[in-house]
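Q: Predicted model, plus sequence, below.
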Amino acid sequence: MPFGRNNMLIISILFLILCPPNEGINLTYIIKKDRDKLQPSCIAEEFERYEAIGWVYPIPTNEAGIPKITTKFIPTINSEYNCNFSKNDICSKRWTLRDWMVDDSSMKTKEFISDYRWEDIPTVLISNSSKEFKERIEVDKVFKSGISVRANGTVELLVCSGWNPYNHPCYHFNIDNGEIYLNKYPVLPQNISNVKSTFVEQYKAFSNILTHDEWRNFIISFDETMTIKLFDVNLNRTVIKHAGDENFTAMYLMVRSNNASLWKFHENEFLYTNTTQVSRLGPQLMLFSKDLCISLLISKCEFCDMVFFYQDSTGRKVLKDIGVIESSKWMEIKLKEENIQMDKINIFVETKFRDPSALNQTGYWAIDNVRVCNENEVKVSYLRLNDLTMEEEDFISCQLIKKPNWRPKKHEYQNVKDFPEVTAVSNSTSIKLSWAQENTRNEINYFVQYQANDICTLEPHNLKRLRSSGFLTTKYNEVVIENLMPFTLYNFTISSVLHEADKSIYFNTLETVEPTFEELPHKIQLRATDSAVYVSWQNVPCTSVYGRLIYTLIVNNTRLNFTKKLSLETNTSHKVDGLQPYTHYSLLITTSRNAGNIYKGVHSHTIVLNFTTLAGVAPPVENLELYSMDQNSASLRYDLPRKSNGIPTEMQVKRCNALSFSKCKSYISKIRHCPLWPNKLCVYVDNLMPFNLYSFKISVRNLNTEDFGKEASASGYTLDRVPGVPTNVTYKTVDCHTSTDYCHLNITWLHPYYENGTITSFNLILNSSNVKEDGEDDKYIHEVYKVENKTYMPKYSYQIKYVPYSTHYKLYIQSANTMYKSSFTQLTVKTDNIGDHINQTVKLLEKQSDRILFKIPHLDHRLDFYVLTIVVQDFETKMEIKPDIMENHIIAENICHKFGNTWVSQVLKVENNNTETVTIGGSKNGNIKPNTKYCITFIITNRYKGSEHNVVYYEKLETPEAPLQKNQRLTVVIIIYMYLKKRKIISTPEENNENEYESLPFDDCTNNCVSNDNYDHLVHK
């Protein structure tokens, strides 16, 4: 290969190594100018947000000129879980873990770091005006320490075995823009001028090693082999390496600079362990979002693993399993889980060896900078300058520490004031934020963080509210946040690189239009008294409140036309009084957001409950009567009050003697209905003194009440009285004998409603009113119905035996006791006729087209004779009955109907027991027509012991048609035969049916052919 091509290839490789191509770096530099002030800021996104970002600015000449740098993540999530691990930090105490310790002194705490912890390392100004060797960094005899530096000229770096380099051996690095010289001195000379001629190691660079406008990073180390090294992190190479030949113990690291220079000496504390275990990762974490996001830095040995997980009801949920990473290097990781269904969580970390064979090794696991994060967070760094002029603006920028040769594009903004006012328009589930436009090109990102405030001050909290949070980014001057919780105060933090101070505002979402189901009254309790009702329900838990709540309570009774209303109440406990005892009421509880909705009857919810007030004191009884009394007892009856205010269950009766009212006696008993009058209530008082005036007071008590009601009174003297008159006397003839002339007479009557006095018996007297032909007196019957020991009955029945047929009596009934008798109740009694108890049915024998035959009944041996009158009627409605027939009132009253052809067929007198057959029809007894309906009335007049009575029977029938004559019968037979032949029911014998041929439709054919409308071809069978 020609030399020119080789030279070109070497130059190209060196260029790629020293100047690698820039990838997309998410770093934005913004400078805000307000008159003569500069306000720079730098935004890191994506992967760069967790890298170290350094500011470049003119190096000041004194420490007062060092600007203040503040860095924050947006959104900024403050949590007690966040911890950077320092022995002096209180969070380290909360993070106390078994076998985990804070490392604040080992060699690892001084290792070079390039992540965002670099920004927290203090910046130290060294110049010729500074005290010499004011920064002394203690190191171990074997150490590795990271250093970052910006300088205007040459700097000196010393590793000495004592605190005073002028008294102890030192390695001396002299670093200028292009060269590095290492010298070793027994003691540091007071004036070093020949470093370039006496060096033990030298390094010359192609480009500047130090510069004032870039942070340069080095690692200086001293190992067990007495070898000292200087490693250039930016070039990723060891630039100085020297092996000492004598015993040297490193103790201090010191720097010096004639010109102003800025230094960062890397030192960081962290949490670590050397044992395999499962430990809880810090304190319990309260989740204020539905998504879990924890950012932390980890470091571990190459054969070690780390597993982060949490436990839920279903088991172990792994958040992150960290396997192979570069040994001892720090790496940022995130523990993430979406839609986690817990408000509190314990995260665990398991430290273990990847290979079980490594159990004899010493493990190493470390964590640092644990914080609650957001997946879309960004990092913003602000530079606060001190007395910097506009001419020095071009010397200001920010850089990635790993890539100091790259600069972000600068965005300038003039006259930017404080964050503009923010206005909000909200509904129940969204809020729209808007503010004045600050950049017409929409190049500035606004970061909006929101978090709901739970109205519950104590547990349990509303998890939906707690987790209603988020983070949005927009380049416009408005943003709409949706899916919010109703009736909730939200904290909004709006951040922008144009404003170092965040804009914090608070806005509420509106309440829901209608109350939710959880906001309606639950666990409603009703407690009714006799005149009021107490209603209460459970207060709506703060976890379920989504707006204001007002209640309207209405108690009504439509039957009583009663309504009482409590309007626009906010309490959950109320009393409604003015109610009547033991009355049914309806309670309506209407829940709404405001009075307007209740008035309009919209967006409201009504619950209807029914209740009954308790029983009250009963009113006095009604219609109290002292209906009976004798010398030793009294009987009272009464009605319950129509409005009893409850269910009366007990009664109290007081009896007071007029001679001694102070000695009134009372007793209580259950309320009982009267045995004689079920609709009435009765009470009986015994053991009274004769011939005294008593007053009786009766009151009742309702169920579940304590007091008896008002009293009703009645009074009377204890003496025998005339008993009341029996009422509702009736009789009935029963058990009539078939062979004798007697029946029994059942007599019933009701107990006197107005009893008045004791009844011991009833007298029943039966006087016959029939006068014999021989002039004998009327027959007299007297019976006595005994009543023992007041065994009264509502209705009495007594039977008088052997009362003859067809006899008229006067019945007299009276009640009586040992002293008095009542007046009589009189009733006329007629016993049954004998004809009512014997069978005299006329039997139909035969009916023809022109006559009807009947068999008349036998003559009963107890009858003198009977007369049978037969009346025949047809059903010709247009024909009237002849007047001479209707003149006989017996016939007129008993015939079938008052129309039609009517005649008296026969009148027969039967005086013996011979059965006879009577025929109705013929010219003598009237003509009977064929196929005609008739109704025949049989009137039997019985003669019994000189008196007559009638018995009537009916027969409805229809006569048959008249029979045909001989010639008529022949004609009918001929007609039937012709009809059957026409229908081919009568057929001739079959002949040759071997072949059947189809004929044309409707053609005549013989029996060996077929006529079928559906065929037009020959059919062979």
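A: Yep, that arrived.
Q: make it CA atoms for all contacts and neighbour counts henceforth
A: OK.
Q: Let me know whether Ile550 touches Gly596 as I believe.
A: No - between Ile550 and Gly596 there is no contact under CA atoms under 8 Å: 10.8 Å.
Q: Neighbour count for the two, which is higher?
A: Higher neighbour count among Ile550 and Gly596: Ile550, with 19 against 11, using other CA atoms under 10 Å.
Q: Just give the closest residue to the more buried one, not the sequence neighbours.
A: Nearest non-adjacent residue to Ile550, counting by CA to CA, 6 or more residues apart in numbering: Thr570, 5.0 Å away.
Q: And the pLDDT at the one you found?
A: We have a pLDDT of 93 for Thr570.
Q: got it, and the one 4 residues further on?
A: Predicted confidence (pLDDT) at His574: the value is 95.
Q: what do you get for Asp454?
A: Listed pLDDT for Asp454 reads 89.
Q: The one 5 residues further on too?
A: On pLDDT, Glu459 comes in at 82.
Q: Now do the helix or strand harbouring Ser504: which elements does it pack against?
A: Assigned by DSSP states H and E, Ser504 falls within strand 499-508. Under the contact criterion of 3 or more CA pairs under 8 Å, 6 or more residues apart in numbering; DSSP states H and E, strand 499-508 touches strand 422-426, strand 489-496.
Q: at 6 Å instead, please
A: Counting contacts by 3 or more CA pairs under 6 Å, 6 or more residues apart in numbering; DSSP states H and E, strand 499-508 packs against strand 489-496.
Q: Quickly run through the sheet partners of the strand it packs on, with directions.
A: For strand 489-496, the paired strands and their directions (DSSP bridges) read strand 446-452 (antiparallel), strand 499-508 (antiparallel).
Q: CA atoms only for the shortest one - export them in PDB, please.
A: To tie it back to what came earlier, the one meant is strand 446-452. Taking Å, rounded to 0.1, in the frame of the first residue of the first chain, the C-alpha atoms of strand 446-452 are listed here in PDB:
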ATOM      1  CA  TYR A 446     -44.200  24.100  29.200                       C
ATOM      2  CA  PHE A 447     -44.300  21.400  31.700                       C
ATOM      3  CA  VAL A 448     -47.600  21.000  33.500                       C
ATOM      4  CA  GLN A 449     -47.700  18.800  36.600                       C
ATOM      5  CA  TYR A 450     -51.000  18.200  38.400                       C
ATOM      6  CA  GLN A 451     -51.900  16.400  41.600                       C
ATOM      7  CA  ALA A 452     -55.300  16.000  43.200                       C
END
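Q: after that strand, next one along is what?
A: Immediately after strand 446-452, counting by DSSP H and E, sits helix 463-466.
Q: Same check on the last one?
A: On the C-terminal side of strand 499-508, the closest following helix or strand by DSSP H and E is strand 525-528.
Q: Pull that following strand out as PDB, backbone CA atoms only.
A: The C-alpha trace of strand 525-528 is given here as PDB (Å, rounded to 0.1, in the frame of the first residue of the first chain):
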ATOM      1  CA  GLN A 525     -82.500   4.700  60.500                       C
ATOM      2  CA  LEU A 526     -86.000   5.600  61.400                       C
ATOM      3  CA  ARG A 527     -87.100   5.900  65.000                       C
ATOM      4  CA  ALA A 528     -90.800   6.800  65.400                       C
END
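Q: so how far is it off the chain centroid?
A: Strand 525-528 has its C-alpha centroid displaced from the chain centroid by 23 Å (CA atoms, centre = their mean, to the nearest Å).
Q: and if you look at stretch 209-224?
A: Per CA atoms, centre = their mean, the centroid offset for stretch 209-224 relative to its chain is 69 Å.
Q: sec struct for Leu745, please.
A: With DSSP: H, G, I helix; E, B strand; the rest coil as the basis, the three-state label of Leu745 is strand.
Q: contacting residues for it?
A: Residues in contact with Leu745, defined by CA atoms under 6 Å, 6 or more residues apart in numbering, are Lys732, Thr733, Gln799, Ile800.
Q: Compile the residues you listed into JSON lines and extend it with columns for pLDDT.
A: Shown next, in JSON lines, are these (pLDDT from 0 to 100):
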{"residue": "Lys732", "pLDDT": "92"}
{"residue": "Thr733", "pLDDT": "89"}
{"residue": "Gln799", "pLDDT": "93"}
{"residue": "Ile800", "pLDDT": "91"}
